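# I would like the atomic coordinates for the input below:
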Amino acid sequence: AIVVANSFTAHRFIHLAKEHGLGAEAKEALLSAHFEKGGDIGSIDFLVRTGTGLGLDEAEVREALENGRFAEEVRADIAEARALGVSGVPFFVLDRKYGISGAQPAEVFGEALARAWAERSPLTVLAPGADGAACGPEGCS
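Numbering: from 1, shown residues only. Have a look, this model is predicted:
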């Protein structure tokens, strides 16, 4: 069963983990714990255990979460999300220009990614032709 918890402290924990280069690992650990194992991501004790499992210092994690560290950063994240028009989760933002709300079919994501990429980085061929070496998985010819 999923434990309903306020995720504000968990988001602060993710900021701490990012500071140590473990942001993606922390986010994955919390998502797995919450959705697959019913972990209480609002519990400081749970977050401390999760942090030590990732290699973070127990005392640093506990001190950061008990003393409100990273609260302003999370509030800034929330304000930015509101400014972008985010009103729920999941919500995906591509290049701060396109938003996809909710669970959508893969085709919607594919179209949005292709559109955002085409607008951001149109391909410009600077040296057309086959005058130079062509390289692939087998090496260069």
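# Check which helices and strands the helix or strand where Ala59 lies is in contact with.
Secondary-structure assignment from DSSP states H and E places Ala59 in helix 58-66. The elements that helix 58-66 packs onto, with contact taken as 3 or more C-beta pairs under 8 Å, 6 or more residues apart in numbering; DSSP states H and E, are helix 8-19, helix 44-53. All C-beta atoms are positioned from the backbone trio N, CA, C, and that covers glycine.
# next one: the last one to chain centre, how far?
On the basis of C-alpha atoms, centre = their mean, to the nearest Å, helix 44-53 sits 19 Å off its chain's mean C-alpha point.
# which outside residues touch the helix holding Ala59?
Contacts to helix 58-66, defined as C-beta atoms under 8 Å, 6 or more residues apart in numbering, come from residues Thr9, Arg12, Phe13, Leu16, Ile44, Leu47, Val48, Gly51, Thr52, Arg69, Phe70.
# burial count for the last one?
Yep, that's Phe70 we're talking about. If you count neighbours by other C-beta atoms under 10 Å, Phe70 ends up with 22.
# so who does it touch?
Residues near Phe70 by C-beta under 8 Å, 6+ apart: His11, Arg12, His15, Leu16, Ala64.
# Pick the one among those closest to Thr124.
Thr124 lies nearest to His15 out of the contacts of Phe70, by C-beta to C-beta, at 38.0 Å.
# Where does pLDDT dip in the protein?
122-123, 125, 127-134, 141 (pLDDT under 70).
# What ranges does it have for its helices?
Listed in chain order, the helices of the chain (DSSP state H) span residues 8-19, 23-37, 44-53, 58-66, 71-83, 106-120.
# Flag every buried residue along the last one.
By neighbour count on 16 or more other C-beta atoms under 10 Å, the buried set for helix 106-120 is Ala112, Ala116.
# what are the C-alpha coordinates of it, in CSV please?
Listed next in CSV are the C-alpha coordinates belonging to helix 106-120 (Å, rounded to 0.1, in the frame of the first residue of the first chain):
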residue,chain,number,x,y,z
ALA,A,106,4.5,7.4,-26.2
GLU,A,107,3.6,9.1,-29.5
VAL,A,108,2.8,12.3,-27.7
PHE,A,109,6.2,12.3,-26.1
GLY,A,110,7.9,11.4,-29.4
GLU,A,111,6.2,14.3,-31.2
ALA,A,112,6.9,16.8,-28.5
LEU,A,113,10.6,15.8,-28.3
ALA,A,114,11.0,15.9,-32.1
ARG,A,115,9.3,19.4,-32.2
ALA,A,116,11.4,20.8,-29.4
TRP,A,117,14.6,19.4,-30.8
ALA,A,118,13.9,20.7,-34.3
GLU,A,119,13.2,24.2,-33.0
ARG,A,120,16.2,24.2,-30.7
